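*Asks:* missing the sequence, but the structure's below:
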Ligand code: ACO
């Protein structure tokens, strides 16, 4: 839908060209500059893509100024309160909220695919006992491509749906196997009697030696956390999945590249960093010292779990999860000094001019780590939990990209600032 145009004039030559504006359903319209190089011989320069739409999408909408997050039009607040993780996964992957019979079938199919090929479990034997679980997750998800390659036709919509089911299902089982490897405990297989999150908790915490009952409070909290993580439009890991996927690579390899991007502390690794930071701060008395460090331009320290590239008023997920965090800790009877420390840190930071001026608010990761901790999940494993939650978003975006007739291999350009052309100098002649 093109209504408006924007005229670009090159002051050096006087040449003017009208570029079409493509309207968005919500949010800023986009200027179509695909012919800019042909018309003017210029590329655009937008490091870190702060003003660049890399694709068109019908999945998720974020209004960062007003703290709005919609999946296929549905507000995150309603989904977090009334939906379930697999229903949201269905919404992302299949575009609709399913009828009950379709949702039951979707859930049953996911469960059926949670079992891993025994050969996949063998990979874990190769990892050192203290390997980071994100390293194991990334490697083993990628290795799925060795099991499912020749039978995959990514140009076939039915195959793409099957791949989506497999990835969502197996992500939880691979994550749990990585956890068991960390603990030196035997792998627990999925059970068709349990829900997706119940299965995950059972695969993580049950032991052959004693009975394990899934705690419904933990199961519900996990389900809600996964809903909150399910998709977040073109963030770093999702853009990585799209970029890798645009080459036509094996989908499991593309999702593994998303895991790798998620791992970083500026992205999904932040939940782990929040707990490490709270440990480092140690007590309420030290908060001001760390606030001052975060404000010092010569100190690389940042308040982990604060700030967001897109949300500039508040992160709606953080608002939901903050409430859940209190409820879960209370329901589980956990009196966590870290939560008190986190609340005080939040209070002090939100009154500080530095954070107010820069619109730095707690993001979803500020609280998710506290819930994971309350559920008994070790700090190193937090980003793996985030990856499980984000998987439906990654596959939905990958599927959308492949079905989009405008999408070609992603290939950004650059502005070259290195030495100009020069001749090779023999080794003995170099100064
Ligand atoms: N603590 C202290 N100062 C901060 C913080 C922070 N957490 N975040 C940003 N700032 C400051 C910057 O130093 C900068 O100050 P300046 O204008 O004086 O130079 C200003 O705020 C703007 O920050 P940018 O780095 O330009 O913001 P950007 O959008 O590039 O970064 C990011 C966003 C990476 C999330 C950043 O806020 C950050 O590092 N936060 C901590 C890590 C974190 O919590 N990541 C999780 C993100 S949410 C997610 O992935 C689910």
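*Replies:* Cool, got the structure. As the structure is a computational prediction, the values presented were derived from the model and not from experiment.
*Asks:* Would you mind listing what in the stretch 251-400 of the chain touches the ligand?
*Replies:* 266-268, 270, 294, 302-309, 358, 360, 363-365 (CB under 6 Å from any ligand atom). Backbone N, C-alpha and C define where each C-beta goes, glycine included.
*Asks:* Just the ones in helices from those, please.
*Replies:* Applying DSSP state H to those, the entries found in helices are 270, 294, 364-365.
*Asks:* In contact with residue 136, which residues?
*Replies:* 124, 127, 178, 181 (CB atoms under 8 Å, 6 or more residues apart in numbering).
*Asks:* The last one against residue 130, yeah?
*Replies:* What it means is residue 181. No - Residue 181 lies out of contact with residue 130 (CB atoms under 8 Å); the separation is 10.1 Å.
*Asks:* out of these two, which sits in the more crowded spot?
*Replies:* A side-by-side neighbour count of residue 181 and residue 130, using other CB atoms under 10 Å, places residue 181 first with 21 against 7.
*Asks:* Check for me that that one belongs to a helix.
*Replies:* Yes - counting by DSSP: H, G, I helix; E, B strand; the rest coil, residue 181 is located in a helix.
*Asks:* leaving aside the residues next to it on the chain, what's closest to it?
*Replies:* Nearest residue to residue 181 in three dimensions, chain neighbours excluded: residue 124, at 4.5 Å (CB to CB, 6 or more residues apart in numbering).
*Asks:* how close does residue 123 get to residue 117?
*Replies:* 10 Å (CB to CB, to the nearest Å).
*Asks:* Please identify which of these two sits among more neighbours.
*Replies:* Ranked by neighbour count (other CB under 10 Å), residue 123 and residue 117 place residue 123 first, with 20 against 11.
*Asks:* mind listing what the single nearest residue of the chain relative to the ligand touches?
*Replies:* Closest residue of the chain to the ligand, CB to the nearest ligand atom: residue 307 (2.3 Å). By CB under 8 Å, 6+ apart, residue 307 lies in contact with 358, 360-361, 363.
*Asks:* try residue 3
*Replies:* Each residue near residue 3 by CB under 8 Å, 6+ apart is listed here: 21, 23.
*Asks:* Then residue 15?
*Replies:* 9, 39-40.
*Asks:* Buried ones from these, can you make that a PyMOL selection?
*Replies:* Buried residues within the contacts of residue 15, by 16 or more other CB atoms under 10 Å, are selected in PyMOL with:
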select buried, resi 40
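*Asks:* show me which of the contacts of residue 15 neighbour the ligand.
*Replies:* Within the contacts of residue 15, nothing lies near the ligand by CB under 6 Å from any ligand atom.
*Asks:* Put together TSV for the contacts of residue 15, with secondary structure, pLDDT and distance to residue 52 on each row.
*Replies:* Output for those, formatted as TSV (DSSP: H, G, I helix; E, B strand; the rest coil; pLDDT from 0 to 100; distance: CB to CB, whole Å):
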residue	secondary structure	pLDDT	distance to residue 52
9	strand	98	21
39	helix	98	18
40	helix	98	17
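*Asks:* top of the ones in helices among the residues of the stretch 251-400 of the chain next to the ligand by neighbour count?
*Replies:* Greatest neighbour count in those, by other CB under 10 Å, goes to residue 365: 29 neighbours.
*Asks:* For the stretch 201-350 of the chain, which segments count as helices?
*Replies:* 216-229, 236-245, 251-262, 270-281, 287-295, 316-331, 337-351 (DSSP state H, counting those that start in this stretch).
*Asks:* circling back to that earlier point, which of the residues of the stretch 251-400 of the chain next to the ligand count as buried?
*Replies:* The buried subset of those - by 16+ other CB under 10 Å - is 267-268, 270, 294, 302-308, 360, 363-365.
*Asks:* now, the most widely separated pair of those residues?
*Replies:* Farthest pair in these (CB to CB) is 268 and 294. Separation: 20.6 Å.
*Asks:* about what we covered before: now, which of the contacts of residue 136 sits nearest residue 251?
*Replies:* residue 178 (20.2 Å).
*Asks:* wait, isn't the closest one in contact with residue 123?
*Replies:* No - look at residue 178 against residue 123 with CB under 8 Å: they stay out of range, at 9.9 Å.
*Asks:* if I look at those two, which residues touch both of them?
*Replies:* With contacts defined as CB under 8 Å, 6+ apart, the residues adjacent to both residue 178 and residue 123 are residue 140.
*Asks:* Show me the shaky parts of the protein.
*Replies:* Across the chain, residues meeting the criterion (pLDDT under 70) sit at 1-2.
*Asks:* Residue 388: how many residues sit nearby?
*Replies:* Residue 388: 24 neighbours (other CB under 10 Å).
*Asks:* residues touching it, list them.
*Replies:* Applying CB under 8 Å, 6+ apart, the residues contacting residue 388 are 171-172, 175, 200, 226.
*Asks:* make it 7 Å
*Replies:* 171-172, 175, 226 (CB atoms under 7 Å, 6 or more residues apart in numbering).
*Asks:* Next, the distance between the ends of stretch 351-370.
*Replies:* 22 Å (CA to CA, to the nearest Å).
*Asks:* That one: how far from the chain's middle?
*Replies:* Its chain's C-alpha centre lies 19 Å from the corresponding centre of stretch 351-370 when counted by CA atoms, centre = their mean, to the nearest Å.
*Asks:* Give the buried residues for it.
*Replies:* Of the residues in stretch 351-370, 352, 355, 360-370 count as buried by neighbour count, 16+ other CB under 10 Å.
*Asks:* and the end-to-end length of stretch 103-119?
*Replies:* Note: stretch 103-119 ends 30 Å apart using CA to CA.
*Asks:* Let me see the ranges of the strands in the stretch 301-431 of the chain.
*Replies:* Assigned strands in the stretch 301-431 of the chain: none (criterion: DSSP state E, counting those that start in this stretch).
*Asks:* Which positions in stretch 398-416 come out as buried?
*Replies:* Applying 16+ other CB under 10 Å to stretch 398-416 flags 398-402, 407 as buried.
*Asks:* The nearest residue to residue 336 once chain neighbours are set aside and residue 233, how far apart?
*Replies:* In space, and not counting its chain neighbours, residue 336 is closest to residue 329: 5.9 Å by CB to CB, 6+ apart. Applying CB to CB, the value for residue 329 to residue 233 is 31 Å.
*Asks:* Residue 44 contacts residue 31, doesn't it?
*Replies:* No - Residue 44 is beyond contact range of residue 31, at 9.5 Å (criterion: CB atoms under 7 Å).
*Asks:* Neighbour count: these two, which is higher?
*Replies:* A direct count of neighbours by other CB under 10 Å for residue 44 and residue 31 places residue 31 higher, at 17 against 12.
*Asks:* give the contact list for that one.
*Replies:* Contacts of residue 31 by CB under 7 Å, 6+ apart are 6, 19, 21.
*Asks:* Ok, residue 152 next?
*Replies:* With CB under 7 Å, 6+ apart, residue 152 has these contacts: 159, 163, 250-251.
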